[in-house]
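Colleague: here's a sequence, model it:
(chains A, B and C)
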Amino acid sequence: MPELPEVETTRRGLLPYATGRRLDGLRIREHRLRWPVDPGVAGRVAGRDITALERRGKYLIFRLSGDASLLLHLGMSGHVRVVALNTPVVAHDHVDFVLDSGVVLRFNDPRRFGSLHEAGALPDEHPLLERLGPEPLSDAFDGGHLWRISRGRRVAVKNLIMDSHVVVGVGNIYAAEALHRSGIHPSRPAGRVSQRRYAQLATDIKAVLGEAIEAGGTTLRDFARSDGLPGYFQQTLAVYGRAGEACHQCGRALKSTRLGQRATVYCPACQR
DNA sequence: ATATGAGCCTGTATGC
DNA sequence: TGCATACAGGCTCATA
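Modeller: Below is the predicted model of the structure:
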């Protein structure tokens, strides 16, 4: 399930194939994604050059010549693979980015929670992006930001850091991991976490995301890198998916609860 | 303004 | 074996 590290892994995998190539066309086999794909987009972007491949939160941004761009979200079951032009399609191969090099960037998404949008020269101003919080790996994100934004809020701290308007790219897996490292109980009200502990949490969010990117992401069920290989970060997970198993720090059995309809694993001893 | 729950989807795992 | 059901979850929208 792609979170920020998986999207970044995808971006890095596609980069050498995509940048500087011409987009000969988009083949859209399935328009029914998270939002219906605009039928006119293929005609408008065909023939443009891909000048850059960027990421904002969990959105991949294809910057195109002529003041255009494409926003691709992988949803939770999506991935993009690099394949040759005549590679047979398989189930859920929804969109092809056909490049002039004979390479195809093929978007596959079984659950169709992903999306494809056209934007202009300033994709950050697209309605889907303009209200997003800071990038977690940027200097704009730190403990002070979390502390200020959480004052007076009673939501569980885990839900706060998973809110894309607070900070982007922290999904269920990495939220649980970062909170365990910081020793913060996931259901603690966000407004009742100290400035000092938020500084630690911001540091741990950066660390866990950075390490996951280095490991090529986390492959649980659906995710695969653009080269088809799995990510390896799941071998490093301390709490996610380990309910009932021993905490690596204290040996106590990890507990599982639900926060905002999401499975949440934590150590009842180490996290307060 | 903040918080909560529903809904979008389908593959996989579980229980009968 | 086959069926039904629960679950996974990023994101937005509707409602309280």
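Colleague: restricting to C-alpha, output the longest strand along chain A in CSV.
Modeller: Looking across chain A with DSSP state E, the single longest strand is strand A:48-56. Extracted as CSV, the C-alpha positions of strand A:48-56 are listed here (Å, rounded to 0.1, in the frame of the first residue of the first chain):
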residue,chain,number,x,y,z
ARG,A,48,4.4,16.8,-25.1
ASP,A,49,7.8,16.3,-23.5
ILE,A,50,8.2,15.1,-19.9
THR,A,51,10.4,17.8,-18.4
ALA,A,52,10.4,16.5,-14.8
LEU,A,53,9.0,13.9,-12.6
GLU,A,54,8.2,15.2,-9.1
ARG,A,55,6.3,14.2,-6.0
ARG,A,56,4.0,16.1,-3.7
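Colleague: rounded mean pLDDT for whichever helix or strand comes after it, please.
Modeller: Going down the chain from strand A:48-56, the next helix or strand is strand A:59-64, by DSSP states H and E. Mean per-residue pLDDT for strand A:59-64: 94.
Colleague: the helix or strand just after strand A:59-64 pairs with which strands?
Modeller: Next helix or strand after strand A:59-64 toward the C-terminus (DSSP H and E): strand A:68-73. Partners of strand A:68-73 in the sheet, by DSSP bridges, are strand A:59-64 (antiparallel), strand A:115-119 (antiparallel).
Colleague: just the CA trace of the helix or strand just after strand A:68-73, in CSV.
Modeller: Once strand A:68-73 ends, the next helix or strand along the chain (criterion: DSSP H and E) is strand A:79-84. C-alpha atoms of strand A:79-84 as CSV (Å, rounded to 0.1, in the frame of the first residue of the first chain):
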residue,chain,number,x,y,z
HIS,A,79,1.8,0.7,-8.9
VAL,A,80,3.6,1.8,-12.0
ARG,A,81,5.8,-0.6,-13.9
VAL,A,82,8.2,0.0,-16.8
VAL,A,83,7.4,-2.3,-19.6
ALA,A,84,8.2,-2.7,-23.3
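Colleague: just checking, what packs against strand A:79-84?
Modeller: With contacts defined as 3 or more Cβ pairs under 8 Å, 6 or more residues apart in numbering; DSSP states H and E, the packing partners of strand A:79-84 are helix A:4-18, strand A:103-108. All C-beta atoms are positioned from the backbone trio N, CA, C, and that covers glycine.
Colleague: buried set for it?
Modeller: By neighbour count with 16 or more other Cβ atoms under 10 Å, strand A:79-84 contains the buried residues A:79-83.
Colleague: how close does whatever residue of the stretch 51-200 of chain A ends up closest to DNA strand C sit to A:Glu245?
Modeller: Going by Cβ to the nearest atom of the strand, DNA strand C is nearest to A:Gly171 of the stretch 51-200 of chain A, at 3.1 Å. Separation of A:Gly171 from A:Glu245 (Cβ to Cβ, to the nearest Å): 21 Å.
Colleague: got any ranges where the stretch 101-250 of chain A has weak pLDDT?
Modeller: For the stretch 101-250 of chain A, applying pLDDT under 70 flags the ranges A:217-235.
Colleague: what segments of it are helices?
Modeller: Here the stretch 101-250 of chain A has its helices, by DSSP state H, counting those that start in this stretch, at A:143-150, A:157-161, A:172-182, A:195-214.
Colleague: the strands paired with strand A:68-73: which one's closest to A:Ile213?
Modeller: Proximity to A:Ile213 (Cβ to Cβ) singles out strand A:59-64 among the strands paired with strand A:68-73, at 14.5 Å.
Colleague: what is the neighbour count of A:Ala243?
Modeller: Per other Cβ atoms under 10 Å, the neighbour tally for A:Ala243 reads 15.
Colleague: typo on my end, A:Glu214
Modeller: 12.
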